[in-house]
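Student: Here is my input; please provide its structure:
(one chain, ligands or ions: 2)
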Amino acid sequence: MPSSPLLRFFTGRRGRQAVDTITPERTFADVILPPATQRTLEQALAQVRNHALIFERWGLGERHATGLGLAFNFAGPPGTGKTICAEAIAHALGKQLLVVNYSVVESMWAGETAKNVAAVFRTAIEDDAVLFFDEADAIAARRTAGARQAMEREANTVVNVLLRELEAFNGVVVFATNLAANFDPAFERRIRTHVLFEMPGVAERERIWQVQLHPLHTPLSADVDFAALAERYPASGGDIKNAVLKAAAAAAAEPGVDVGKRIHQRHFVQGIEDVMAAKSVMRQSIFADEDAAVAAGPNVAVPDARTALALQAVEARSQHAALLGIALGAAGLLAGLAGLVVAALR
Ligand SMILES: Nc1ncnc2c1ncn2[C@@H]1O[C@H](COP(=O)(O)OP(=O)(O)OP(=O)(O)O)[C@@H](O)[C@H]1O
Ligand SMILES: [Mg+2]
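Tutor: Ligands and ions are numbered 1, 2, ... in the order given. Got it, this is the predicted structure:
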């Protein structure tokens, strides 16, 4: 558990947690990446290892208080292995991983986000953890010059605080984003390496299908053909994982004794078909507005759906705060009037 009382408070809530400390179990052996992604990640890992050597074993971290941190950005579509790789980095360093679900922090604590970002860094220092900002798209966003709206002002403050904290932090920070673009230039300068997580190719997909199963205990029928599945479905690692779980559930639900049950090719096919169909429904609903805007013309700006939602939440909250302020002001005025009346009557 995080040691700061503030963080302990907001991790204690039900639902998706804003901050979570995990002891990493997964390693780079669990992740299959396209060659280009693998190469950049290896370079990042070499930097992390050298960082640990120089600043911990060689003691330079004790001599130099700031500006020694390593920040990476893992950018790529959902389910391409960004989270596993952040976990694997922490594992390689023998440290805990402090996962910050940024979108949750922001929606839960509108108006307080900057303070909480600072608290997260303090916790990472106290726990000597690798810091992982998941779903960090909104943080990375460009600061707006001359921001007037409350929501824009808040976003600017958060980026400023984040830059200050990053400067002071000597550990390893990983940001995960789905959108590679739109980085604030000052933020961009603090990021040592961008690792682009590409969708897996056919060869990687075949191996991902295999690593999702237990090599000894998962009962497979002789007709299972991962090469065919890899060839036919351009799925992400996350999709494959979900398909495998669906296939296993379907195979286990078939009649008969357990020892006779096997996962067949048809189970995997059905699993991945379901996953791909669900994804295309999601994509249609998320991008329906965007398509409409594209049809309307090239000058219509469409914000990222989640960012827009988060911004709406901030705006709604500032409106509530304004209404509350007016109500309190009115109550104060009435109390004042009542006081005057009482004084006049005396
Ligand atoms: N490259 C991969 N190799 C092996 N398994 C993978 C890979 N990518 C994803 N998976 C499987 O999919 C699951 C989800 O992946 P992960 O959480 O790392 O994706 P992500 O890139 O962080 O996605 P998101 O952007 O949605 O957070 C993993 O737990 C793993 O089982
Ligand atoms: Mg993730």
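
Student: ok, the nearest residue to G69 once chain neighbours are set aside - contacts?
Tutor: Once flanking residues are discounted, G69 sits nearest to F169: 4.4 Å by CB to CB, 6 or more residues apart in numbering. C-beta here means a position set from N, CA and C on the backbone, and glycine is covered the same way. When the contact criterion is CB atoms under 8 Å, 6 or more residues apart in numbering, the partners of F169 are 69, 121, 124-125, 131.

Student: Would you reformat those residues as CSV and include secondary structure, distance to T27 and neighbour count?
Tutor: As requested, the contacts of F169 are arranged in CSV below (DSSP: H, G, I helix; E, B strand; the rest coil; distance: CB to CB, whole Å; neighbours: other CB atoms under 10 Å):
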residue, secondary structure, distance to T27, neighbour count
G69, coil, 23, 20
F121, helix, 26, 23
A124, helix, 21, 26
I125, helix, 25, 15
L131, strand, 19, 27
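
Student: Give me the lowest-pLDDT entry from these.
Tutor: In terms of pLDDT, G69 ranks lowest among the contacts of F169, with 81.

Student: residues in the chain within reach of ligand 1, list them.
Tutor: Residues of the chain lying near ligand 1 by CB under 6 Å from any ligand atom: 31-33, 78-84, 176, 178, 197, 200, 208, 211, 237-238, 241.

Student: from those, which ones fall inside strands?
Tutor: Under the assignment DSSP state E, the residues of the chain next to ligand 1 contribute A176 to strands.

Student: Narrow the residues of the chain next to ligand 1 to just the buried residues.
Tutor: The neighbour count (16 or more other CB atoms under 10 Å) marks 31-33, 79-84, 176, 178, 197, 200, 208, 211, 237-238, 241 as buried among the residues of the chain next to ligand 1.

Student: out of those, which touch ligand 2?
Tutor: By CB under 5 Å from the ion, the members of those lying near ligand 2 are 82-83.

Student: Spatially central residue for the protein, please.
Tutor: In the chain, the residue lying closest to the centroid (CA atoms, centre = their mean) is D134, at 2.0 Å.

Student: ok, that one to ligand 2 distance?
Tutor: To ligand 2, D134 is 5 Å away according to CB to the ion, to the nearest Å.

Student: try V104
Tutor: As for V104, its distance to ligand 2 is 13 Å (criterion: CB to the ion).

Student: Tell me how many other residues crowd that residue.
Tutor: Neighbours of V104 under the rule other CB atoms under 10 Å: 20.

Student: Which residue is the nearest non-sequential neighbour of it?
Tutor: Using CB to CB, 6+ apart and skipping the chain neighbours, the partner closest in space to V104 is A18 (4.4 Å).

Student: What of W209?
Tutor: Closest residue to W209 apart from its sequence neighbours, by CB to CB, 6+ apart: F226 at 4.1 Å.

Student: so what's that neighbour scoring on pLDDT?
Tutor: With respect to pLDDT, F226 has a value of 97.

Student: Could you do the one 4 residues further on as well?
Tutor: Per-residue confidence at A230 stands at 98 (pLDDT).

Student: just S285 next, same as before
Tutor: Looking at S285, the pLDDT reads 67.

Student: For the remainder of this discussion, apply numbering that starts at 33.
Tutor: Noted, 33 is the first residue going forward, which turns the last one into S317.

Student: where does the closest residue to A259 other than its chain neighbours fall, phi/psi-wise?
Tutor: Counting by CB to CB, 6+ apart, E238 is the residue found nearest to A259 once chain neighbours are left out, at 5.3 Å. Here is the backbone geometry of E238 (degrees, to the nearest 10): phi -60, psi -40.

Student: Check the protein for the residue nearest ligand 1 and tell me.
Tutor: With CB to the nearest ligand atom as the measure, G269 is the residue of the chain nearest to ligand 1, at 2.2 Å.

Student: returning to what we had before: mind listing what the residue nearest to W241 touches?
Tutor: F258 neighbours (CB under 8 Å, 6+ apart): 238, 241-242.

Student: Could you tell me which residues make contact with whatever residue of the stretch 33-182 of the chain ends up closest to ligand 2?
Tutor: Taking CB to the ion as the measure, the stretch 33-182 of the chain has T115 as its residue closest to ligand 2, at 3.3 Å. By CB under 8 Å, 6+ apart, the residues touching T115 are 131, 164, 166, 208.
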